[in-house]
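Student: sequence-free structure coming up:
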């Protein structure tokens, strides 16, 4: 699911990151199972020192959220985000940040449907030196 979420990333690097993510005390991963077995969704979240859309510092932040296409609009994404919300509240946070690429309108709609509010839009730049 990480490869599906971040298709431009190196699969081996994603696997290595995942292993260290599971050991980090300020990171969490929740997964959703299909009734027939196997996974159909996941969400990764963590505590960041800061994030632009969130007023709290440090802040709870959704780092990655994926639901298989055939399971979307069935409550899987909502349940995953609810698990992150509970996790963040238990750590004393009052806000949950997240982001999505500008062209990912499916993610925008999912966020809005779950009560997130859009705070800003950005375009990131880089210059090689």
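Tutor: Cool, got the structure. These numbers were taken from a predicted model, which means no experiment stands behind them. Numbering: from 1, shown residues only.
Student: quick one: the helices in this structure?
Tutor: Using DSSP state H, the helices of the chain run over 2-5, 11-23, 76-90, 105-113.
Student: Redo the ones you listed as a markdown table? Include distance to residue 51 and mean pLDDT.
Tutor: Yep, even glycine has a C-beta here, placed from its N, CA and C like the rest. As requested, the helices of the chain are exported to a markdown table (distance: least, CB to CB, whole Å; pLDDT from 0 to 100):
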| stretch | distance to residue 51 | mean pLDDT |
| --- | --- | --- |
| helix 2-5 | 18 | 82 |
| helix 11-23 | 17 | 78 |
| helix 76-90 | 13 | 98 |
| helix 105-113 | 14 | 95 |
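Student: Same list, those helices, but as TSV with mean neighbour count please.
Tutor: Output for these, formatted as TSV (neighbours: other CB atoms under 10 Å):
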stretch	mean neighbour count
helix 2-5	14
helix 11-23	11
helix 76-90	17
helix 105-113	14
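Student: pLDDT score assigned to residue 68?
Tutor: With respect to pLDDT, residue 68 scores 95.
Student: show me what contacts the closest residue to it other than its chain neighbours?
Tutor: Excluding the flanking residues, the one nearest residue 68 by CB to CB, 6 or more residues apart in numbering is residue 40, at 4.6 Å. Residue 40 makes contact with 32, 33, 34, 67, 68, 70, 71, 76 under the criterion CB atoms under 8 Å, 6 or more residues apart in numbering.
Student: Please apply the same query to residue 24.
Tutor: Contacts here follow CB under 8 Å, 6+ apart; on that basis residue 24 touches residue 46.
Student: Report pLDDT for it.
Tutor: 82.
Student: Need phi/psi at it.
Tutor: phi -80, psi 130 (degrees, to the nearest 10).
Student: From residue 2, how far out is it?
Tutor: 15 Å (CB to CB, to the nearest Å).
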